[in-house]
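# return a 3D structure for these sequence lines:
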Amino acid sequence: MIPRVGDEPPSAEEIAELLDLAVRAPNHHRTEPWRFHVLQGAERERLARAIADELVDSKGTDPQAALDEGRAKAERAPVIVVFTVVPSEDPRVVEQEEVASVAMAIENFLIGAHAKGLGAMLRTGAAAYHPSAREHLGLEPGEKVVGIVYLGRPAADRAPTERAPAAEKTRWLT
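Residues are numbered from 1 along each chain as shown. Now for the predicted structure:
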């Protein structure tokens, strides 16, 4: 994961390729519950307004200060991809499995971004689940945000985030 990106966006073709990787995520009933909302340029204002509404409601932040903070967050990347789930209405389908499928779609997207040398970071936060997200992002009834990926080209001063080796987190049971 490269958490800071510059102002240059990936091309539409690069984003489309990443989304094609996302839809390869497993899904138990083949319901394809994922939806993708790609926000670029001025459309990032949609997310900024959702963030602002949540800050006003939860913390009593001054509306203008909340909007300024929302804009600062929405402008940290030239492209924002909001991943949502539209759960199946089929009673045999477990909603948690639908959400898990979207989470796996996000992972596919992030791995693809890393492989392409792009910068990407996953964020959510309270605004993702606030009712205003539905309004500002134009979500369908029942559609819910699962994750928000900030995407761009890596900032010159950033390297990938280091992680502990898997061996430090693995217990072999034999």
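
# burial count for Asp90?
Applying other CB atoms under 10 Å, we find 8 residues neighbouring Asp90. For glycine as for every other residue, the C-beta is placed from the backbone atoms N, C-alpha and C.

# helix/strand/coil for it?
Asp90 falls in the coil class when you classify it by DSSP: H, G, I helix; E, B strand; the rest coil.

# who touches Ile80 in this structure?
Taking CB atoms under 8 Å, 6 or more residues apart in numbering, we find Ile80 in contact with 38-40, 44, 47, 74, 148-151.

# which residue sits closest to it in space, ignoring its chain neighbours?
Nearest residue to Ile80, sequence neighbours excluded (CB to CB, 6 or more residues apart in numbering): Leu39, at 4.4 Å.

# please report how far that neighbour lies from Pro87.
Applying CB to CB, to the nearest Å, the value for Leu39 to Pro87 is 23 Å.

# and for Gly112?
Distance from Gly112 to Pro87, by CB to CB: 25 Å.

# so for the chain, which residue is the most central one in space?
Nearest residue to the geometric centre of the chain (CA atoms, centre = their mean): Ile148, 1.8 Å.

# low-confidence stretches in this protein?
Low-confidence segments of the chain, defined by pLDDT under 70: 1-3, 157-161.

# hmm, try it at 80
Across the chain, the ranges flagged by pLDDT under 80 are 1-3, 156-162.
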